[in-house]
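*Asks:* Requesting a structural model of the entry that follows:
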Amino acid sequence: MNAAAVDPRPHYLRALDQLEKIVSQVTPDRLDLPTPCSEFDLRALLSHTVGGVHRIAYVGEGGLALDVPAAAGEIEDHAWAAALGRARDRAAAAWADDATLDRLAHVPWGVMPGRFALGGYVMEAVTHTWDIARVVDPGAALDDELALTALAIAEQVLPADERGGDVPFGRVQPAPAGADPTTRLAAWLGRTV
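*Replies:* Numbers count the residues shown, from 1 in each chain. Alright, predicted model coming up:
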């Protein structure tokens, strides 16, 4: 069992801290640029990512994930970092009680103990940090240990042969020899790296 499955909260908060550092570099002139997450430009990816933090916060509060929109709604071009900060604070408060780890959580991919649901959002936050960094700071040094945790989750819950249809990830892509763990994670989740 990987470390995030035991208690994913520290990993998730670290992932959000890393994400905040990257999002703080977003400038309005880049919001219409494409991202490695091909269905989203940067503005749409930020909305999806902030919306995801609110969604897992709502799950930690006892709600059903699908009751919360997948996007954050209207955020002013200069306000993405503040919006993410508010979402992070909400998620931290929602998951502060240890009981959330074992309570059944209703997330888009099923019903499971909270610890496993939150682990999926560790994977999402780390991956979207990479996506966003490719647009705003391609040379950013991302947390290798955190990426290895997210990669272990991805390899466990998203086998290479179970892609397409209801699984919203493309086929595993090749990663260059010696690629850092976050790049390997992105490739595992179907990004061209």
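
*Asks:* The longest helix along the chain packs against which elements?
*Replies:* Longest helix in the chain by number of residues (criterion: DSSP state H): helix 114-136. Using 3 or more CB pairs under 8 Å, 6 or more residues apart in numbering; DSSP states H and E, the elements in contact with helix 114-136 are helix 3-6, helix 9-23, helix 42-60, strand 104-107, helix 144-157, helix 181-188. Any C-beta I mention is one placed from the backbone N, CA and C, and that applies to glycine too.

*Asks:* Which stretch among those approaches residue 67 most closely?
*Replies:* Among the helices and strands packed on helix 114-136, helix 42-60 comes nearest to residue 67, with 7.0 Å by CB to CB.

*Asks:* Mind listing what's buried along the helix or strand following the closest one?
*Replies:* Following helix 42-60 in sequence order, the next helix or strand is helix 80-94 (DSSP states H and E). For helix 80-94, burial by neighbour count (16 or more other CB atoms under 10 Å) applies to 80, 81, 83, 84, 85, 87, 88, 90, 91, 94.

*Asks:* between helix 80-94 and helix 114-136, what angle do the directions make?
*Replies:* 170 degrees (axes from the mean of the first three to the mean of the last three CA atoms, to 10 degrees).

*Asks:* Show me what helix 80-94 is packed up against.
*Replies:* Here helix 80-94 touches helix 9-23, helix 42-60, going by 3+ CB pairs under 8 Å, 6+ apart.

*Asks:* between those, which gets nearest to residue 137?
*Replies:* Distance to residue 137, taken as CB to CB, is lowest for helix 9-23 among those, at 6.3 Å.

*Asks:* which secondary element of the chain has the worst mean pLDDT?
*Replies:* For the chain, counting by mean pLDDT, DSSP states H and E, helix 3-6 ranks last in confidence among helices and strands (a mean of 62).

*Asks:* Check the helices and strands packed on helix 80-94 for me and report the most buried one.
*Replies:* Burial of these is given as mean neighbour count (mean count of other CB atoms under 10 Å); helix 42-60 ranks first at a mean of 23.

*Asks:* For the helices and strands packed on helix 114-136, give me JSON lines that also has distance to residue 137.
*Replies:* Listed next are the helices and strands packed on helix 114-136 as JSON lines, based on distance: least, CB to CB, whole Å:
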{"stretch": "helix 3-6", "distance to residue 137": "25"}
{"stretch": "helix 9-23", "distance to residue 137": "6"}
{"stretch": "helix 42-60", "distance to residue 137": "12"}
{"stretch": "strand 104-107", "distance to residue 137": "30"}
{"stretch": "helix 144-157", "distance to residue 137": "16"}
{"stretch": "helix 181-188", "distance to residue 137": "13"}
